[in-house]
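Visitor: curious how this folds, go ahead:
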Amino acid sequence: MTQLAVQPSLDLRAGHGAHAQALAKLEALEEEVDAALARRKSNGLVRRAVKTWRRGDIVRAGQLALEATDQDATNAQAYHVLAMALERMGHLHKALVTYERAFALDPNDPDLLLNLGLTAWNMKLHDGAAKMFRLFIDACPDSPLGYNNLGSIQCDLGESATAVDTLRSAIYRMPEEPMLWNSLATVLAEEGRADESLVFYKEAIRLDPTFARLWHNIGFAYAHLGRLDEALEAYDNALSLATDPTEIIEGKHSRSICLINLGQLKEGFDEYEIRNSPRFRAYIHHMVKAPYWNGEPLNGKRLLVVGEQGLGDEFMFANILPDLAQAVGPSGKLQIAVEHRLVPLFQRSFPLAEVGAYDDRKLLDADGNKELRFIPWAVGNGEPDYFTLMGSALRHYRKRIEDFPHQAFLFPDPERVAKSRERLATLGPGPYIGICWRSMMLGAKRAKYYSALDFWGPVLKTRGVTFINLQYGDCRDELDRACDQNGVTVHRFEDLDLRDDIDGAAALSAAVDLMIAAPTAASAISASVGTETWFLTAARAWPQLGTDEYPWYRKTRAFHPEEFADWQTLMSQVATELSQFARRHSD
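Guide: Numbers count the residues shown, from 1 in each chain. Prediction:
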């Protein structure tokens, strides 16, 4: 009998199906085991990364965190540590993306909100940062961190009143949190209310006398109030407590400025070298292989001297160049690298030197963003014997106030000076008074150091003088308003670009009889070429070196109010002095 082929029954089919499901479950279980193993390996790498971070090796910590993400691409903590390392190394965009990845994996981790906000803040994404801090506050209403950061970013945006409200409401909620008292004090200090800030700093210190940053910040407030001995003591306390390397460097830098401000030049300029640490916030890596000059004999040597910081500082520190030119002697060579607009003026002033411009660029590498300064013309024929920054030479030649020669050290084009004097003579009798009242870079934090032209009424109404505008940048509206309000004329040379034609600005500055100005590049130009210059500052400034002048230049006076930025009182005083100057000039 022929046997029929057995057809699969429903039960057989079900049995097959059950077997397949069991296999799938076993495979899933195996994947879970593998995933658990991967997570254990990943977590182990995260723990190693954290330990490495605490030892200060941020780069290695980042590498370990990256390995942890390779082991387990769903480990939010691994991405969190990796993002922190990327942020610290300066890879801000990569850090932001990595934080976002971590947050997508673990949206219930409020610390990620905080770090996302901080990274966005560093990238100048202020609205996004503020949003993250508000979300953190919603998630952790009893943590001071969100309020602290939100208030601080509001202060950065110039919203000081809002920042004060944010921090005060947080203090009412958490009165024992020194961080909040510190931030409120800092907002007040940044707003120019340093005297008020002391009360809040002292309360924060009472709550936590071991908080290093508090001591640094109260030192900053004391310095603004001219209480330099107390500032120095506060900086010393901060340094004795600080453990974070960056905080230590910032503390040493602030302490050096305080010493210089006190007139303790030898110690101050020695400590000022901390700005050349690669960890310093404004560090620039100079692409020069030559050894750094540390006071070795220079006769017959080739020395490259590089300008630093802002345009005004390049003028001020150029005070040292005549000494260096003499030190290398006729058989040596002085090379001077400056901002490109300064090259003609500096070359004329130091005809035996080789003067050129530096070229600044940014490099993104494994250690983060680097500011690089290239000086190819100076090393084209081989490296110099030594190189140094202008400010670093001060510690070798300016150990006492008496070491400053009080002479002009920059020399504008004599033909342009003569033509400037001819133009001034057509405006009427002198004395001719140049004025400049602010920097071009006026952010929320810098504005308080400069007087608005609206305060200059008493000065501008002085009889017997002729005012000349030496304020660079677009200032037409300010000048027009001031002239209309006070019924005066401030003469403008519209064909002279005071910002970019530095040689022309120097010639006009040399032609006027007196310059009255804020501490800007304009006042530094006039003082460098030997014109009598009156510096108007919101408070005592460190370039005064503990004196009532700016010793770097030939003839200067420093004016500052007793109370920080009390411009109304200061301008009345300056107007009185200007009247006396005019009378002496007419005699």
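Visitor: from now on I want contacts and neighbour counts done on CA atoms only, so please keep to that.
Guide: Will do.
Visitor: pLDDT score assigned to the closest residue to Y235 other than its chain neighbours?
Guide: In space, and not counting its chain neighbours, Y235 is closest to H216: 5.3 Å by Cα to Cα, 6 or more residues apart in numbering. On pLDDT, H216 comes in at 95.
Visitor: check contacts around H216.
Guide: If you count contacts by Cα atoms under 8 Å, 6 or more residues apart in numbering, H216 has them with 234-235, 237-238, 251.
Visitor: could you measure it against I171, distance?
Guide: Remark: distance between H216 and I171 (Cα to Cα, to the nearest Å) = 21 Å.
Visitor: which stretches of this structure have low pLDDT?
Guide: 1-36, 38-39, 364-369, 440-448, 587 (pLDDT under 70).
Visitor: ok, which stretches of it are strands?
Guide: Secondary structure of the chain (DSSP state E): strands located at 285-286, 302-306, 333-338, 354-357, 359-365, 368-374, 386-389, 432-436, 466-469, 490-491, 514-517, 533-536, 556-559.
Visitor: what would those strands look like in TSV with distance to R583 and mean neighbour count?
Guide: TSV is the format used below for these (distance: least, Cα to Cα, whole Å; neighbours: other Cα atoms under 10 Å):
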stretch	distance to R583	mean neighbour count
strand 285-286	51	16
strand 302-306	43	25
strand 333-338	40	25
strand 354-357	42	21
strand 359-365	48	12
strand 368-374	49	16
strand 386-389	43	20
strand 432-436	13	24
strand 466-469	13	23
strand 490-491	20	16
strand 514-517	13	26
strand 533-536	17	26
strand 556-559	18	20
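Visitor: distance to P543 added to the ones you listed, as a markdown table?
Guide: As requested, the strands of the chain are exported to a markdown table (distance: least, Cα to Cα, whole Å):
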| stretch | distance to P543 |
| --- | --- |
| strand 285-286 | 25 |
| strand 302-306 | 19 |
| strand 333-338 | 20 |
| strand 354-357 | 25 |
| strand 359-365 | 26 |
| strand 368-374 | 25 |
| strand 386-389 | 17 |
| strand 432-436 | 18 |
| strand 466-469 | 24 |
| strand 490-491 | 29 |
| strand 514-517 | 15 |
| strand 533-536 | 11 |
| strand 556-559 | 10 |
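Visitor: do you know which of these lies nearest E314?
Guide: strand 333-338 (7.3 Å; Cα to Cα).
Visitor: partners of that closest one, with directions?
Guide: strand 302-306 (parallel), strand 354-357 (parallel) (DSSP bridges).
Visitor: centre of the chain to it, how far?
Guide: Distance of strand 333-338 from the chain centroid (Cα atoms, centre = their mean, to the nearest Å) equals 26 Å.
Visitor: what's the burial count for E271?
Guide: E271 has 19 neighbouring residues, counting by other Cα atoms under 10 Å.
Visitor: OK, contacts around it?
Guide: Counting by Cα under 8 Å, 6+ apart, E271 touches 252-253, 255-256.
Visitor: ok, now with 7 Å
Guide: Neighbour list for E271: S256 [criterion: Cα atoms under 7 Å, 6 or more residues apart in numbering].
Visitor: how about I375?
Guide: Contacts of I375 (Cα under 7 Å, 6+ apart): 358-359.
Visitor: hmm, try it at 8 Å
Guide: 287-288, 337, 357-359.
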